[in-house]
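Enquirer: Using only what follows, build the 3D model:
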Amino acid sequence: MQNSQTENYYIKYTWIFLGILLMYLFIKDAFMSYNSVGFFCDIIFVAAFACINILKKNLVDAGVHSLDYFYLRTRVVEIFLICFGFFYLNLGSWTAIFIFGIVVINTLIESPKKGLHTAYISIIMEVVFIGFVGIGAIEKFQEIITFTFIIIAAFAAWAIISKITIEKYDSCMKNSSEIDSLKGEKEETLKLLKVMNEKSEKIKTKFNESDTENQELKIILEKYYELYNISSVINSIYDIGGLLKYINETIIEVVEAEYSTIFLFEQKRGSLEVEKTNIEDEQNLEKLSRSINNDIIFDIVENGSLFVVNFVDNDDYEFIRDRGVKSFVCMPISTTKKKYGIMLIESLEFNKFDEQTQKLITLIGHQLSSSIENLELYKKMKELATTDALTGIYNRLYFQEKLSKELKIAHENDYPLSFVIFDIDHFKKFNDNYSHLVGDKVLKIITSVVRNSIRRSDILARYGGEEFVVIFPNMDIERAQETCEMLRKKIEETPVKTRDLSLSVTVSFGVANYPLNAYSEENLIKAADRALYRAKDAGRNQVAVSDEKII
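Expert: The predicted model follows:
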């Protein structure tokens, strides 16, 4: 790079020299006798020198000027033109020697070997041109000696300067090498930074993706946490009405749908009936109730899988027609053993139910189905635990619990409660004379007569064997006595028919009252039991009322 800079300076000085020479020629042509042919030749010489200078400039710019092939040839042509020009233009040998010195020194800076070659060529060409011009021999020899001495002096000066120049050059090259090394390191660092930046962008992208996934996972976990809470609540509800109400409200809250309706099959008719809904518009609810029993819904129930329509065509589904519904989900409520009904969840937005929402609804639907099945099983188990297997009425265990609760309610509300014990007269003879099957039939018929003759709020239970009890909430003793007399007559008038027999059955009643006869369960039972024994002692088939106060 340093040699190129030196050569560039040399090329600039050459342009200056050519400019001065051109001015000289014009002045000479203007003020001195000078033919036009000679002036034209001078101009051609200057133009040739300019062309060589342009060629050198192009070689320097191309970075090939220091190659031997180009360098020596341009120097020879350049020296030739200098010799020719100075002797042709008669500028004087000393001027030529000065110019040659500049050329040689510039070449020595480029390369010692090239500098020596240039010096040899310069001396040879000077000798040749002096010989051609025809100046005196001694004078020519002196000029040659002088020119040679100047060249040697220039070379010696270059030798002294070159050591310093070379040291500086080495230092510069070392610095240049270090700079190149630093540039290399810088490039490597930039490449490394680029790679790190790319990796950073990838990590950032993955982090953003991971953050998005985390947000989705968070939403999913929240949904499943809600599902866990729903499951916990569902498992604590033992009432079908309360269960359906909770599920319907939860669906609306979790799914954020406008409408939710739960339909259950009415067992006798086999049709879907609305059990729970949040639809308040009576006209819309009537449309839905009227059109829900169709082949599409029955197929969904039969299939047992979630049915989703996120872009509703109003003409495709009659049950959503003209109600503004844009998307809906049908979730069958069923188990492997039984089909209970369907959940219909509706939205006024298109594409409301995404994949996660569908999964959540499916899980809630399965949970509801299992819960209804469990409730039915619980109901059956409770019935088995609280009812008498033969007669189907409550058993003694349930009666004890119910009497305690009803007495407490009567006390809190300050109203009377009547209690009755009745017994089948001579029941043993039915078993002994006609078999136990006949005895069982007697028990069933009497139970049926009494159950169909009392209020729904009254509690009938089998106390044990042929003894039965009835709790009459909010009934005084006089009315209780009248009711028992009505029951006694109905039983007496109802024959027990078998294949060959028609048997008449009678019963005896003992009646007691809270707070007239007793305050506690135990004393109330005791008062009614004593009244029953009085009815039996009086001849049976009658009603006896307690006339004592047991405290």
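
Enquirer: CA only for contacts and neighbour counts going forward, please
Expert: Noted.

Enquirer: can you pull out the strands in the stretch 401-550 of the chain?
Expert: 417-424, 459-464, 467-473, 496-497, 502-503, 507-514, 543-545 (DSSP state E, counting those that start in this stretch).

Enquirer: and the first one, average pLDDT?
Expert: Averaged across strand 417-424, pLDDT comes to 96.

Enquirer: Pull the residues that contact it.
Expert: 406-407, 410, 466-477, 480, 505-515, 524-525, 528-529, 532 (C-alpha atoms under 8 Å, 6 or more residues apart in numbering).

Enquirer: okay, residue 370: pLDDT?
Expert: At residue 370, the predicted lDDT confidence score is 85.

Enquirer: Okay, and it sits in which element?
Expert: Per DSSP states H and E, residue 370 falls inside helix 355-386.

Enquirer: What of residue 26?
Expert: Using DSSP H and E, residue 26 sits within helix 2-31.

Enquirer: Tell me the helices and strands packed up against the helix holding residue 370.
Expert: Counting contacts by 3 or more C-alpha pairs under 8 Å, 6 or more residues apart in numbering; DSSP states H and E, helix 355-386 packs against helix 137-234, helix 240-255, strand 327-334, helix 396-413.

Enquirer: Give me the buried positions along that helix.
Expert: Within helix 355-386, the residues that qualify as buried are 357-358, 360-373, 375, 383, 386, counting by 16 or more other C-alpha atoms under 10 Å.

Enquirer: again with stretch 287-299
Expert: Neighbour counts using 16+ other C-alpha under 10 Å place 287, 288, 292, 297, 298 of stretch 287-299 among the buried residues.

Enquirer: The fourth one falls within a strand, correct?
Expert: No. Secondary structure assignment places residue 297 outside any strand; it is helix (DSSP: H, G, I helix; E, B strand; the rest coil).

Enquirer: where's it relative to residue 493, distance?
Expert: Using C-alpha to C-alpha, to the nearest Å, residue 297 is found at 52 Å from residue 493.

Enquirer: next one: the last one
Expert: Counting by C-alpha to C-alpha, the separation of residue 298 from residue 493 is 50 Å.

Enquirer: What of the third one?
Expert: To residue 493, residue 292 is 49 Å away according to C-alpha to C-alpha.

Enquirer: secondary structure element for the residue lying closest to residue 260 once chain neighbours are set aside?
Expert: Nearest residue to residue 260 in three dimensions, chain neighbours excluded: residue 345, at 4.5 Å (C-alpha to C-alpha, 6 or more residues apart in numbering). Counting by DSSP H and E, the element that carries residue 345 is strand 339-347.

Enquirer: Send me that strand as PDB with only the CA atoms.
Expert: Output of strand 339-347 as PDB, limited to C-alpha atoms (Å, rounded to 0.1, in the frame of the first residue of the first chain):
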ATOM      1  CA  LYS A 339     -79.300 -42.800  28.400                       C
ATOM      2  CA  TYR A 340     -80.500 -39.900  30.600                       C
ATOM      3  CA  GLY A 341     -80.800 -37.000  28.300                       C
ATOM      4  CA  ILE A 342     -78.700 -34.200  26.700                       C
ATOM      5  CA  MET A 343     -77.000 -30.800  27.400                       C
ATOM      6  CA  LEU A 344     -77.600 -28.100  24.800                       C
ATOM      7  CA  ILE A 345     -75.200 -25.200  25.100                       C
ATOM      8  CA  GLU A 346     -75.800 -22.300  22.700                       C
ATOM      9  CA  SER A 347     -73.900 -19.100  21.800                       C
END
